[in-house]
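J.: Let me see the structure of the following:
(one chain, ligands or ions: 1)
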Amino acid sequence: MDKYVVFGNPIGQSKSPFIHTLFARQTGQAMTYTAELVPIDGFVAAADAFFASGGRGCNITVPFKEQAYLYATQLTERAKLAGSVNTLKKLDDGAILGDNTDGEGLVQDLLQNQVELSGKRILLVGAGGAARGVILPLLAQKPEAVVITNRTIAKAQQLAECFSAYGSVSALGLDEATKPDFDVIINSTSASLSGQLPGLSDSLIKPQMTCYDMVYGSGVTTFNLWARGLGAGKVLDGLGMLVGQAAESFMLWRGIRPGAKQVQRELRRALQ
Ligand code: ATR
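T.: Prediction:
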């Protein structure tokens, strides 16, 4: 049976085995998917051992995504630009392909929730690894603009420069982002993980907009509570992105696109 795994540290919280097992059942694929805790200095050894034992592909989560980027012998364009890899696949010639499916997972989740991106103005909050990973897939949807805002403006400016050849992308200070002229606001900051707000102006929020928090939890996230309280028309959390990136990885490995909806429903129920 074809073997897949997710590598991380910590790994106990990973929903990937649950998601991929459901995908495999849904699509009738004969495969196993397990989670493996890897010592902090042991990623290369774990990946080598996995592929040597016949493993076909793996997901990589914190803190190994940059190491997986270096481990891959080939990279997709989106992984190159993301600077990190969340999916590895062993190709028939033995090469190890590195991909990053996080951004496409976000885009697919937005589209499945009827959030239009083409011709729209998107405010991306944060300029760390999570932001970097989603910019190219967002630009591929041909928005009017992607504007990156960050507590440390220099990092937003650097990121905007990196992607300037791929579409309309610019940077704005947190205190300069005040006009309600965005259709979608995406929070990629790690502030959410500790229940903090990223420091956006209340004046950005309007009824006919979508606010998306890349994190998720058992209840509504702090950022989404803030946005909803100010009247944002639609708020979404990162559970859909999680299932979306998994679906993209599954597609890369198996060539079949699984359905995300049912899996998302079951995950949401398990979280409550
Ligand atoms: P990740 O890989 O999850 O993106 P990261 O690369 O450490 O993590 O980036 C964290 C991002 O969250 C950064 O944009 C950071 O802002 P700074 O660049 O100014 O550090 C942002 N962030 C973290 N805590 C924040 C807070 N309390 N308020 C606003 N932004 C915050």
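J.: CA only for contacts and neighbour counts going forward, please
T.: Noted.
J.: Which of the helices or strands spans the residue nearest to Q157 when sequence neighbours are not counted?
T.: If the residues on either side of it in the chain are set aside, Q157 comes closest to A171, at 5.2 Å by Cα to Cα, 6 or more residues apart in numbering. Applying DSSP states H and E as the criterion places A171 in strand 169-173.
J.: That strand near the ligand at all?
T.: No - shown here: strand 169-173 not in contact with the ligand (Cα under 6 Å from any ligand atom), separated by at least 10.4 Å.
J.: counting contacts, what elements does that strand pack onto?
T.: strand 145-150, helix 153-162 (3 or more Cα pairs under 8 Å, 6 or more residues apart in numbering; DSSP states H and E).
J.: Which of those has the highest mean neighbour count?
T.: Compared across the helices and strands packed on strand 169-173, strand 145-150 shows the largest average neighbour count, a mean of 24 (mean count of other Cα atoms under 10 Å).
J.: Which elements pack onto that strand?
T.: On the basis of 3+ Cα pairs under 8 Å, 6+ apart, strand 145-150 makes packing contacts with strand 121-125, helix 129-140, helix 153-162, strand 169-173.
J.: ok, longest helix in this protein?
T.: helix 239-254 (DSSP state H).
J.: in it, what counts as buried?
T.: 239-250, 252-254 (16 or more other Cα atoms under 10 Å).
J.: Go through the helix or strand of the chain with the lowest mean pLDDT and flag the buried ones.
T.: Taking mean pLDDT, DSSP states H and E as the measure, the chain has helix 261-271 as its least confident helix or strand, at a mean of 93. Neighbour-count burial for helix 261-271, counted by 16+ other Cα under 10 Å, picks out 263-264, 267-268.
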